[in-house]
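Colleague: Here is my input; please provide its structure:
(4 chains, ligands or ions: 2)
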There are 2 protein chains.
Amino acid sequence: MLSNACQYAIRSVLYLSIHSTHEIKIGVKKVAEELETPQPFLAKLLQQLAKSNLISSVKGPNGGFYLTEKNLENSLWDIVKCIDGGDKFDNCFLGLSLCDDSNPCPVHFIVTPFKDKLLNDFRDKTLAQFTKEIITTRRVLSLKDYNVLEKK
Amino acid sequence: MLSNACQYAIRSVLYLSIHSTHEIKIGVKKVAEELETPQPFLAKLLQQLAKSNLISSVKGPNGGFYLTEKNLENSLWDIVKCIDGGDKFDNCFLGLSLCDDSNPCPVHFIVTPFKDKLLNDFRDKTLAQFTKEIITTRRVLSLKDYNVLEKK
DNA sequence: AAAAAAAAAGACTTCTTTATCCTAATTATA
DNA sequence: TATAATTAGGATAAAGAAGTCTTTTTTTTT
Ligand code: FES
Ligand code: FES
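Modeller: Residues are numbered from 1 along each chain as shown, chains lettered A, B, ... in the order given. Ligands and ions are numbered 1, 2, ... in the order given. Okay, here's the model as predicted:
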């Protein structure tokens, strides 16, 4: 559904949203390590997000990426739009050129409620809200330490 | 979610399920035209489906593809398994290496109910049942004539 | 002012998916 | 039996996505 790139981007922004502030900037290297994503590829994505003012960045020593209060007012949907484009959820699940209630494909009414719900969630919640939920409900952004935990 | 190839395959099988019988076989050319899919590409897919005994075929004049009673007992999921592989729905929506209730990503509990429902629908209904539904509820497999209809 | 650390930018490579083309094998029918 | 229609199979091409590498620019620190 979402491209690889977009998945990386979303997880990165959420990561920054949790761990960065204006004072604590985080470099690509760190983010890529924590999320286990290819570093140079992620760098491109963060650049693109920064260019679209979805995240903030500062060059030079102790520089890096971070989110401002304003950045936190954006939604996950803004990230998807930036990386994958805004028509990502418009397509018919079976590849019809148009997804439409009046010409529904055989799985249309199974798929659309879900798409609508997801789209709403992505569009209506700010990153700030989303992040708060992530923290209180202990959602994970990386399975980096999963094996370690299992070994215990 | 599903690959292009798999979407074509599903629509083709449903098309055959509606329009073909042992007596009425349908060639790739016809199917590709009706569904507006690239012909040689679709040919490959139908070959693959035939090889896996999901559809039947006969060569030569008046030959083509069709579904037997037995073919109709298969499910959409069988088609997905044949073309995209059986792990298609296992992946985490945000790209974590594992999708799992005990290490849920931020959208896990939004996404999984849908995936489960879809997977059940795909797995539990036979093509025969599915097709019956398609006919009684007038679902569409192609928007070939959509523009024509609009023009009227 | 120099050096070092980081992001920004662009060119390039690799991999996967999608799609096409050509030839062979099979079968009905004239 | 010859011919034509049609699937089967293999090789190849084109496009897009994913990922890498190198150079430039900016900024902090010494
Ligand atoms: S028409 Fe296929 S999902 Fe809406
Ligand atoms: S863990 Fe991400 S969708 Fe299940």
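Colleague: Alongside chain B, which residues does chain A contribute?
Modeller: Proximity of chain A to chain B, by C-beta under 8 Å from any C-beta of the partner chain, involves residues A:1-2, A:4, A:7-8, A:10-11, A:14, A:36, A:93-98, A:103-108, A:110-111, A:114, A:117-118, A:121, A:130, A:133-134, A:139-143, A:146. For the C-beta atoms, the positions are set from N, CA and C on the backbone; glycine is no exception.
Colleague: redo that, cut-off 7 Å
Modeller: Contacts of chain A with chain B, taken as C-beta under 7 Å from any C-beta of the partner chain, map to A:1, A:4, A:7-8, A:10-11, A:14, A:93-98, A:103-106, A:110, A:114, A:117-118, A:121, A:130, A:134, A:139-141, A:143, A:146.
Colleague: hmm, which of these are the buried ones?
Modeller: Neighbour-count burial (16 or more other C-beta atoms under 10 Å in any protein chain shown) applied to those gives A:1, A:7-8, A:10-11, A:14, A:93-96, A:103-106, A:110, A:114, A:118, A:121, A:130, A:134, A:139-141, A:143, A:146.
Colleague: Just the ones of those residues in helices?
Modeller: Those of these mapping onto helices are A:7-8, A:10-11, A:14, A:110, A:114, A:118, A:121, A:130, A:134, A:146, per DSSP state H.
Colleague: Rebuild the residues you listed as a markdown table, extending it with pLDDT.
Modeller: Output for these, formatted as a markdown table (pLDDT from 0 to 100):
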| residue | pLDDT |
| --- | --- |
| A:7 | 98 |
| A:8 | 98 |
| A:10 | 98 |
| A:11 | 98 |
| A:14 | 98 |
| A:110 | 89 |
| A:114 | 87 |
| A:118 | 91 |
| A:121 | 91 |
| A:130 | 94 |
| A:134 | 96 |
| A:146 | 60 |
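Colleague: contacting residues for residue A:75?
Modeller: Listed by C-beta atoms under 7 Å, 6 or more residues apart in numbering or on different chains, the contact set of residue A:75 reads A:122-123, A:125-127.
Colleague: Show the overlap between the ones in helices among the buried ones among the residues of chain A next to chain B and what lies near DNA strand D.
Modeller: When C-beta under 7 Å from any atom of the strand is applied, the members of these adjacent to DNA strand D are residue A:8.
Colleague: From the contacts of residue A:75, pick the one nearest DNA strand D.
Modeller: Distances from DNA strand D to these, taken as C-beta to the nearest atom of the strand, are shortest for residue A:122 (18.4 Å).
Colleague: That closest one and ligand 1, how far apart?
Modeller: For residue A:122, the distance to ligand 1 equals 18 Å [C-beta to the nearest ligand atom, to the nearest Å].
Colleague: got it, and residue A:32?
Modeller: Counting by C-beta to the nearest ligand atom, the separation of residue A:32 from ligand 1 is 35 Å.
Colleague: how about that residue, phi and psi?
Modeller: Phi and psi for residue A:32, reported as degrees, to the nearest 10, are phi -60, psi -40.
Colleague: Make JSON lines from the contacts of residue A:75 and add secondary structure and neighbour count to it.
Modeller: JSON lines is the format used below for those (DSSP: H, G, I helix; E, B strand; the rest coil; neighbours: other C-beta atoms under 10 Å in any protein chain shown):
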{"residue": "A:122", "secondary structure": "helix", "neighbour count": "21"}
{"residue": "A:123", "secondary structure": "helix", "neighbour count": "13"}
{"residue": "A:125", "secondary structure": "coil", "neighbour count": "16"}
{"residue": "A:126", "secondary structure": "strand", "neighbour count": "16"}
{"residue": "A:127", "secondary structure": "helix", "neighbour count": "23"}
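Colleague: Now the two most distant members of those.
Modeller: Taking C-beta to C-beta as the measure, these span a maximum distance of 12.1 Å, between A:123 and A:127.
Colleague: can you pull the pLDDT of residue A:145?
Modeller: Turning to residue A:145, the model gives it a pLDDT of 64.
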